[in-house]
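Novice: sequence first, then the predicted structure:
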Amino acid sequence: MPPTPEPQNAARSLRARDASADTFGIELVTSAPDRAVASMQVRSDMCNGFGILHGGMTFLLADSAMAFASNAEEGMALASSAEIDWLAPVSAGDVLTATAERRWSSSRSALWDVSVTNRSGELVAIVRGRTRQTAGQANSEPR
């Protein structure tokens, strides 16, 4: 059996295969089995008709950070549910940082809190998500 990859390498491998992260410029800053940080530059094509970041883009960044953290160990974890509270609007040109932290876990389930901040460090969204370990491997090729 091959050795288990280091958490940073497992998350970086997942990030390297993530086409949506490529499309939206999501960068993996750091990862560990219980925490990951991801960032994203806000572009004008991510903004809605009010000129503010579309809420789905904020959720995408938070979900990505949770995915990188929850897949930093052996196995494959998928989000099973999540909810978001948007706290402040974000404009094009800003940089968002999402920090996902594991709050609880059992053998196959985990609960995550993700804080999303802007360039000034102000909290703009909070996400609570749940993941579930599956039979797959995080470091395997996509289907």
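Specialist: Okay, I see it.

Novice: what's the neighbour count on residue 86?
Specialist: 16 (other C-beta atoms under 10 Å). Glycine gets a C-beta too; all of them are placed from N, C-alpha and C.

Novice: then residue 96?
Specialist: What residue 96 shows, counting by other C-beta under 10 Å, is a neighbour count of 22.

Novice: that one bridge partners, please.
Specialist: When assigned by DSSP bridges, residue 96 has beta-bridge partners residue 40.

Novice: starting at the chain centroid, how far to the helix or strand harbouring residue 63?
Specialist: Element membership of residue 63, judged by DSSP states H and E, is helix 55-70. Computed by C-alpha atoms, centre = their mean, to the nearest Å, the separation of helix 55-70 from the middle of its chain amounts to 3 Å.

Novice: list the buried residues in it.
Specialist: 57-70 (16 or more other C-beta atoms under 10 Å).

Novice: what is the burial count for residue 104?
Specialist: Residue 104: 10 neighbours (other C-beta under 10 Å).

Novice: tell me the contacts of it?
Specialist: 110-111 (C-beta atoms under 8 Å, 6 or more residues apart in numbering).
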